[in-house]
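In: coords please:
(chains A and B)
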Amino acid sequence: MAQIVSLAEAIAQTVRDGDTVAMEGFTHLIPFAAGHEVIRQRRRGLTLVRMTPDLIYDQLIGAGCARKLVFSWGGNPGVGSLHRFRDAVEHAWPGPLELEEHSHAGMANRYVAGASGLPFAVLRGYSGTGLMDVAGGEGNGTGRAGRAPSIRPVTCPFTGETLTAVAALNPDVTVIHAQRADRAGNVQLWGITGVQKEAVLAAKRSVVTVEEVVDSLDPRPGAVVLPSWTVSYVAAVPGGAHPSYALGYYERDNDYYVAWDPISRDREAFGRWLDERIFRPGREGGMP
Amino acid sequence: MTVKAPAASGAARPEGAGGSAGYTPDEMMTIRAARALRDNVTCFVGIGLPSAAANVARATHAPGLVLIYESGTIGAKPGRLPLSIGDGILAETADAVVSVPEIFNYWLQPGRIDVGFLGAAQIDKFGNINTTAIGGDYATPKVRLPGAGGAPEIAASCREVIVVVRQSSRSFVERVDFVTSVGYGSGPGDRQRLGLRGAGPRMIITDLGVLEPDPVTREFTMTGLYPGVSAADARAAAGWDLAVAADPELIAPPSAAELAALRGFRHSTGQ
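Out: All right, here's what the predicted structure looks like:
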């Protein structure tokens, strides 16, 4: 059964230095407040997993929390680059960042395999791309298939056709944000629900921040429900997905995404942002 | 018509807003891209320029166009341009919203989608796309780009692909630095050899005109030019020895209705 605790306690109980941590939410319901709490607790050496690193991982990477990034699209959506991510890759600042790079289809299938208790998933993908060669941070993109540590050609045992296998993802911790939980810790999310269900079921431990804890969850068409016994901790964090959006609660704060660009471009501006928005006393557990 | 030459590429572009043409090169590009989408087809829409063009198509000649976004929204009908491929307006106006594993596995992978509509940072003469890294080597690139997203499988599995990209000698290269998404690989027969089931890129639409693959060599050839753009302009804005059709199509300028649709979207989105 999920325990309902504070955000600070949920992160302290689940995220340890060196862990593999997935924070999912595909444009919608990105768990920003939880990401900021990880920065605040000064976790180090994390392998960060996320299809779209977005601003949340730009912030974690810039703050020095990450050793490695497993991802498929690392831009500032609708705005441009993630400059902390680029600074880490291009100049190893604040430290080197190992990459394990995939396509969206590959990442989604890796979570499916993890949630299914299988060592790998099979898809039609990657054939002819440089990604088969370089995932893991080495190689030169010349497409010599088979060097990537989590992408391999595989032969169908029935037809003999060559397909692509991707290794399962089983994070130590998955963190997501949802609209609601009830007092027993059952979680409900709706709208664009991305890979959150798979990411939670694939993980050893999980944290779900929610807009509100309610007495009972009313049924909603198309909603994903994660029963309480599949979740480790639930924390009520209203606004916890800001500046992304929570359908039915608030819209994306697009100005924040635009304003992030100059902060992210400049190491000193980013340092000031960390001091003022993350480390200054009184910022704990609130709106990012 | 007079043309102006931006310093970035040294190539001429059609007159910008404020010039005699009354529209910008980007507007011409987006509208030509919108025209490439027929009514009542299904279209897997990439982020950025393709999304703007697909929405203009739906608002003008293709009201039955089915827009599918990788966030899992099928049949989205946004009344403004989405801010991202996961904008809430896509979910709220969609016929169906499915998970991300489902959109790729059930909908894209089997070849159900007619057209994949993609952008690019760098593209080569065989239509291979790089959105991963430019310069240096993979581990220490000169410029790190966002990466693959949904594009590799869109390029592989849609029945055909249309690419929208601004044309310059930097973005149009002999061979991409990194193959993120496969066009025709290194030439005829490569897609079949790699097991890619879609037909590949049918058209590249730029801010100078339109390129289509040579039916035999699969090398992209400039087959259409916008008003005020010459064959020499197009060749100057390519990093390979770009072939231009002997009698390239003169592409019609934007109609008032097309411009109104595009600018209406821009206005309502605040972009």
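In: please see if stretch A:97-116 touches chain B.
Out: Yes: Stretch A:97-116 reaches chain B (C-beta under 8 Å from any C-beta of the partner chain) through A:99, A:101-105, A:108-109, A:111-112. C-betas here are computed from N, CA, C, even on glycine.
In: mind putting these in JSON lines, pLDDT, secondary structure and neighbour count included?
Out: Shown next, in JSON lines, are the residues of stretch A:97-116 next to chain B (pLDDT from 0 to 100; DSSP: H, G, I helix; E, B strand; the rest coil; neighbours: other C-beta atoms under 10 Å in any protein chain shown):
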{"residue": "A:Leu99", "pLDDT": "94", "secondary structure": "strand", "neighbour count": "23"}
{"residue": "A:Glu101", "pLDDT": "95", "secondary structure": "strand", "neighbour count": "27"}
{"residue": "A:His102", "pLDDT": "97", "secondary structure": "coil", "neighbour count": "28"}
{"residue": "A:Ser103", "pLDDT": "97", "secondary structure": "coil", "neighbour count": "31"}
{"residue": "A:His104", "pLDDT": "98", "secondary structure": "helix", "neighbour count": "31"}
{"residue": "A:Ala105", "pLDDT": "98", "secondary structure": "helix", "neighbour count": "33"}
{"residue": "A:Ala108", "pLDDT": "98", "secondary structure": "helix", "neighbour count": "31"}
{"residue": "A:Asn109", "pLDDT": "98", "secondary structure": "helix", "neighbour count": "30"}
{"residue": "A:Tyr111", "pLDDT": "98", "secondary structure": "helix", "neighbour count": "33"}
{"residue": "A:Val112", "pLDDT": "98", "secondary structure": "helix", "neighbour count": "26"}
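In: wait, which of those is closest to A:Ala121?
Out: A:Asn109 (3.8 Å; C-beta to C-beta).
In: how much space between that closest one and A:Ile151?
Out: Relative to A:Ile151, A:Asn109 is positioned 11 Å away (C-beta to C-beta, to the nearest Å).
In: shared neighbours of these two, which are they?
Out: A:Val166 (C-beta atoms under 8 Å, 6 or more residues apart in numbering or on different chains).
In: where does B:Leu83 land on pLDDT?
Out: The model reports B:Leu83 with a pLDDT of 86.
In: that one: neighbour count?
Out: By other C-beta atoms under 10 Å in any protein chain shown, the residues close to B:Leu83 number 24.
In: who are the contact partners of it?
Out: Contacts of B:Leu83 (C-beta under 8 Å, 6+ apart): A:77-78, A:252, A:254, B:269.
In: once you drop chain neighbours, what's closest to the closest residue to chain A within the stretch 51-200 of chain B?
Out: Nearest residue of the stretch 51-200 of chain B to chain A, counting by C-beta to the nearest C-beta: B:Gly86, 2.5 Å away. Nearest non-adjacent residue to B:Gly86, counting by C-beta to C-beta, 6 or more residues apart in numbering or on different chains: A:Thr27, 2.5 Å away.
In: residues in contact with residue 29?
Out: With no chain named, the answer covers chain A. Neighbouring residues of A:Leu29 by C-beta under 8 Å, 6+ apart: A:176-179, A:189, A:191-194, A:196, A:241, A:244-247.
In: not what I meant, chain B
Out: Counted by C-beta under 8 Å, 6+ apart, B:Met29 has contacts B:49, B:164, B:166, B:205-207.
In: list just the nearest of these to B:Ala246.
Out: Of all the contacts of B:Met29, B:Thr206 has the smallest distance to B:Ala246: 19.5 Å, by C-beta to C-beta.
In: quick check: the closest residue to the closest one other than its chain neighbours vs B:Ile205, distance?
Out: Setting aside the residues directly before and after it, B:Thr206 is nearest to B:Gln167 in space (C-beta to C-beta, 6+ apart), at 3.6 Å. Taking C-beta to C-beta as the measure, B:Gln167 falls 9 Å from B:Ile205.
In: please list the residues of the stretch 101-250 of chain B that sit near chain A.
Out: By the rule C-beta under 8 Å from any C-beta, the part of the stretch 101-250 of chain B lying against chain A is B:101, B:104-105, B:108-109, B:132-133, B:137-144, B:146-153, B:156-157, B:177-182, B:185, B:190, B:194-197.
In: how about the strands in the stretch 151-271 of chain B?
Out: Along the stretch 151-271 of chain B, the stretches classed as strands by DSSP state E, counting those that start in this stretch are B:160-164, B:172-173, B:201-205, B:209-213, B:220-225, B:243-250.
In: ok, now the stretch 101-250 of chain A?
Out: Counting by DSSP E, counting those that start in this stretch, the strands of the stretch 101-250 of chain A are A:120-123, A:151-155, A:162-167, A:173-182, A:187-189, A:205-214, A:224-226, A:233-236.
In: given the third one, what are its sheet partners and their directions?
Out: Sheet pairing here is set by DSSP bridges, and for strand A:162-167 it gives strand A:120-123 (antiparallel), strand A:151-155 (antiparallel).
In: buried residues of that strand, list them for me.
Out: A:163-167 (16 or more other C-beta atoms under 10 Å in any protein chain shown).
In: what do you get for the second one?
Out: Taking 16+ other C-beta under 10 Å as the neighbour-count basis, strand A:151-155 is seen to contain the buried residues A:151-152.
In: need the contact list for residue 64.
Out: In the absence of a named chain, this looks at chain A. A:44, A:94-95.
In: actually chain B
Out: Taking C-beta under 8 Å, 6+ apart, we find B:Gly64 in contact with B:39-40.
In: pretty sure A:Ala10 is touching A:Ala235, no?
Out: Yes: with contacts counted by C-beta atoms under 8 Å, A:Ala10 reaches A:Ala235, the gap being 4.7 Å.
In: okay, buried residues for stretch B:174-192 please.
Out: B:176-185, B:188, B:190-191.
In: no wait, stretch A:252-259
Out: Under 16+ other C-beta under 10 Å, the buried positions of stretch A:252-259 are A:252-254, A:257.
In: looking at these, which is nearest B:Arg80?
Out: When the buried residues of stretch A:252-259 are compared against B:Arg80 (criterion: C-beta to C-beta), the nearest one is A:Asn254, at 11.8 Å.
In: so how far is A:Glu24 from the closest one?
Out: Counting by C-beta to C-beta, the gap from A:Asn254 to A:Glu24 is 21 Å.
In: name the SS class of B:Ile123, please.
Out: At B:Ile123 the chain is in strand, as set by DSSP: H, G, I helix; E, B strand; the rest coil.
In: so what's the residue count around the residue nearest to B:Thr206?
Out: 28.
In: thinking again about what came up before, could I get the strands of the stretch 101-250 of chain A in JSON lines, plus columns for mean pLDDT?
Out: Compiled in JSON lines, the strands of the stretch 101-250 of chain A are given as follows (pLDDT from 0 to 100):
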{"stretch": "strand A:120-123", "mean pLDDT": "98"}
{"stretch": "strand A:151-155", "mean pLDDT": "94"}
{"stretch": "strand A:162-167", "mean pLDDT": "96"}
{"stretch": "strand A:173-182", "mean pLDDT": "98"}
{"stretch": "strand A:187-189", "mean pLDDT": "98"}
{"stretch": "strand A:205-214", "mean pLDDT": "98"}
{"stretch": "strand A:224-226", "mean pLDDT": "97"}
{"stretch": "strand A:233-236", "mean pLDDT": "98"}
